[in-house]
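K.L.:
Predicted model, plus sequence, below.
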2 protein chains.
Amino acid sequence: MTETKEEKIYDKKISRRQMLKMTGLGAAGVAIGATGFGGVIKTFGMDFFDDDSTTTNKVNFYGQHQSGIATDVQTNIYFASLNVLVTSKQELQELFKMWTPLAVRLMNGDMIGDPTTNGMMPPKDTGEVKGLDAANLSITFGVGPSLFEKKEFGLASKKPNELKDLPHFPKDQLDAAYTGGDICIQACADDPQVAFHAVRNLVRAASGKVSLKWSQAGFNAFPVSKGKKQTPRNLFAFKDGTENPTTSNKKDMNDVVWVQSGESKGWMTGGSYLVARRIQLHLETWDRTSLKEQENTFGRHRDSGAPIGKKDEFEAMDIDRKDDNGNYVVPETSHVFLAKSVDARILRRSYSYSSGVMDATGSYDAGLLFVSFQKNPDQFIKIQNSLGRLDKMNEYITHRGSALFACFPGIQKGSYIGEALFKTL
Amino acid sequence: MTETKEEKIYDKKISRRQMLKMTGLGAAGVAIGATGFGGVIKTFGMDFFDDDSTTTNKVNFYGQHQSGIATDVQTNIYFASLNVLVTSKQELQELFKMWTPLAVRLMNGDMIGDPTTNGMMPPKDTGEVKGLDAANLSITFGVGPSLFEKKEFGLASKKPNELKDLPHFPKDQLDAAYTGGDICIQACADDPQVAFHAVRNLVRAASGKVSLKWSQAGFNAFPVSKGKKQTPRNLFAFKDGTENPTTSNKKDMNDVVWVQSGESKGWMTGGSYLVARRIQLHLETWDRTSLKEQENTFGRHRDSGAPIGKKDEFEAMDIDRKDDNGNYVVPETSHVFLAKSVDARILRRSYSYSSGVMDATGSYDAGLLFVSFQKNPDQFIKIQNSLGRLDKMNEYITHRGSALFACFPGIQKGSYIGEALFKTL
């Protein structure tokens, strides 16, 4: 289906909801052809939703870094881990080239193809987001260690040393059904249907080239205070993400999250490593535990999120503090104490999940889709090793899934996702 | 933990977010005792959030009918089916009595217990909704056929004839892991964490008395036009719920949804029957199908939601319409044609789900948690039988789970959930 020039204008400039508003169609549906919208645009003389525009509900695709990392955390995630089915480097490259304009359109809140199909073919877009806006959709692409081990791609020399399966950690009970993958697509949005739609349409457009290995939907609930989103609580009711680097602080982000030149393979400069862990939270056990014990497990107060003995969530976490008897105020076996005992920081960007009931036990299949970004997976590994067997949290959680992906740097206009991997040494 | 009088005032009148706003604590957390809030209330002389108040984000618990049926459909559901573990009628009665004030508090956006626990006991409320508002939470309780078959309850004579396992329908592939249950709790809210929290806290408060049999989270995405929510689209991108009775139309609801006096056992007067079906949508197959075929499968146009050949979603569906050649305009094997061929209506109140990947196939474990309410399950059965083997939709869906529950009438102040079941003949 070739597009007319006017259709192209439509495709680029108008979001799904804007379109409805402009024409006053709304519930009556979009029965008017794309050409008609071209006319509307000209009449109004407006230039809606350029890729660079920053409306309140649109995240930019292009930039120095990929979206979905420094992007403000959204309410929903649909995380997909894919197997690659193509068998040549060129086909792999074509896959990412093909995905690039689709990701732009999805993040702009546009349909990925002509909405005025004649009906004789499957619709280009699966359509379940019709009438919805972009909902701050971000899409983050990464590649796993297994991709580089496939000889047919000839990418072995491009594999960063640090891109390898995470080591086995104490108490890991990993399920192959939630572990690994050649490619990840992390879609986050303020609407679960928008996030799901993004993955569905990208995977569909790559039919026969990739298959779904595993996926997980998740959510965050943000308390709002004075019009500002607060740190969300996980299903243990503790705030998650308080210690995060400030995403607007360039130095912080360069220190912790973004791979700097020379720190990894060249193609990863400006990129980041994504750790995904599907962590079951044993809610029933937790809920039988006293608040004091819960707080000693985290090393923070539940309600305020403050370090133990402090009042405010954002007060410095000084783990060396001792009470009058010489005992550590923040217990030495608490999650925070152990995590802060090593010189390593990460950017947490996690989501809760509630996926029904565990067959065998009747307990909740619920927990945390832990996602963190770091310039080197060793940052995560250091922290996880420090938690080791000591972490009081181990009594209440089980890691069920695990994956590591190298997320490409940002994409410039005219370029495509992962170009540096295929082009640079 | 006995509550002081002031704590009771606090408990009743102040929502979680209101509390934060009033004290200006917000992110700093709630470090102030309940007594302090009592004082604040008196100082302001206000009477916040009485059970009868209708704020924009609070649904009333009390009334002629239970919430979550005629209530405007929310964005999220957490549906739980429970096994009953208690062994006497009195214990069962106590269970519903115990749940009643908890449900009131949850729907008011309150914690279910004192938030100022001294720390030596497990918190009464699991706490993950701290700082969130009521998010239009509705909670709907129902009882399944299996409850009446347990001799120890002595309820056999109270069992309505129509409360029995749904018959096997063509193409059913039911999984015991998503089928049946003694009691259901349907929690719907405009926040997934609020819906999950409601079920979690009700089940937890009944620890040892019930266990989780199965559960399913789901979502709806509402296009908004002129400030009004539109009919949401399912994952096939078709609008779901267009033909619903108007919930504000008393006659419509009495005809279709609410059991009238004499129509069932006395305790069900004012109640309704809930059918839940976990329906996998085979997205991959659907997405390979032409738009025309998709529309012929539903009997409606995808974008507008209008009956085939019509323009507007809400135009009457006249299945007898024929074209100039004498052929039916709405195909005879379409979902809508068959559903409308029988004289039966239901109130659909469904949610989409995306629960990862089917282990065996790598296809999406995604679809529709179909929920419908009707005054008699035969309304649903009639329609489902009419769809039978003819429905074109059968190529694209598989029913994986099924349950039927008798949802009690509404609760009056001073009464409790299900009282009529235990009291009337």
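P.N.:
Happy to help now that I have it.
K.L.:
hey, let's count contacts and neighbours off CA atoms from now on
P.N.:
Will do.
K.L.:
What is the burial count for the nearest residue to A:A237 once chain neighbours are set aside?
P.N.:
Leaving aside its sequence neighbours, A:A237 sits nearest to B:E128 (Cα to Cα, 6 or more residues apart in numbering or on different chains; 3.9 Å). Per other Cα atoms under 10 Å in any protein chain shown, the neighbour tally for B:E128 reads 23.
K.L.:
burial of A:S207, as a residue count?
P.N.:
12.
K.L.:
B:P192 is in contact with the residue nearest to A:A237, correct?
P.N.:
No. Counting by Cα atoms under 8 Å, B:E128 sits too far from B:P192 to count as a contact (11.2 Å).
K.L.:
Around chain B, pick out the residues from the stretch 251-400 of chain A.
P.N.:
Taking Cα under 8 Å from any Cα of the partner chain, the part of the stretch 251-400 of chain A that reaches chain B is made up of A:284, A:287-293, A:303-305, A:311-313, A:354-357, A:359, A:362-363.
K.L.:
Need the buried ones from those residues selected in ChimeraX.
P.N.:
Applying 16 or more other Cα atoms under 10 Å in any protein chain shown to these, the buried members can be selected in ChimeraX as follows:
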select /A:287,289,290,291,292,293,303,304,305,311,312,313,354,355,356,357,362,363
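K.L.:
Looking at the residues of the stretch 251-400 of chain A next to chain B, which are in helices?
P.N.:
Among those, the members falling in helices (DSSP state H) are A:284, A:291-293.
K.L.:
what's the farthest-apart pair in those residues?
P.N.:
A:E284 and A:K292 (16.7 Å; Cα to Cα).
K.L.:
backbone phi and psi for A:A206, please?
P.N.:
Note on A:A206: its backbone torsions stand at phi -110, psi 30 [degrees, to the nearest 10].
K.L.:
could you check the distance from it over to B:A135?
P.N.:
Going from A:A206 to B:A135 by Cα to Cα, to the nearest Å gives 38 Å.
K.L.:
of the two, who's got more company?
P.N.:
A count of neighbours by other Cα under 10 Å puts B:A135 above the other of A:A206 and B:A135, at 24 against 18.
K.L.:
Spit out the contact partners of that one.
P.N.:
Neighbour list for B:A135: B:57-58, B:109, B:189-191, B:194 [criterion: Cα atoms under 8 Å, 6 or more residues apart in numbering or on different chains].
K.L.:
how does it look with 7 Å?
P.N.:
The contact partners of B:A135, taken as Cα atoms under 7 Å, 6 or more residues apart in numbering or on different chains, are B:57-58, B:189-191.
K.L.:
Wasn't it part of a strand?
P.N.:
No. Counting by DSSP: H, G, I helix; E, B strand; the rest coil, B:A135 is not part of a strand but coil.
K.L.:
Burial check on A:Q90, number of neighbours?
P.N.:
Using other Cα under 10 Å, A:Q90 has 11 neighbouring residues.
K.L.:
Show me what the host helix or strand of it is in contact with.
P.N.:
Counting by DSSP states H and E, the element that carries A:Q90 is helix A:89-107. Here helix A:89-107 makes contact (Cα under 7 Å, 6+ apart) with A:58-59, A:61, A:86, A:111-112, A:134, A:137-139, A:153-154, A:198, A:202, A:206, A:416-418, A:422.
K.L.:
Filter these down to the buried ones.
P.N.:
Buried members of these, scored by 16+ other Cα under 10 Å, are A:58-59, A:61, A:86, A:111-112, A:134, A:137-139, A:153, A:198, A:202, A:206, A:416-418.
K.L.:
how close does the residue nearest to A:H335 when sequence neighbours are not counted sit to chain B?
P.N.:
Excluding the flanking residues, the one nearest A:H335 by Cα to Cα, 6+ apart is A:F298, at 5.0 Å. Look at A:F298 and chain B: by Cα to the nearest Cα, to the nearest Å, they are 14 Å apart.
K.L.:
So which of the residues of the stretch 251-400 of chain A next to chain B are in strands?
P.N.:
Per DSSP state E, strands hold the following members of those: A:354-357.
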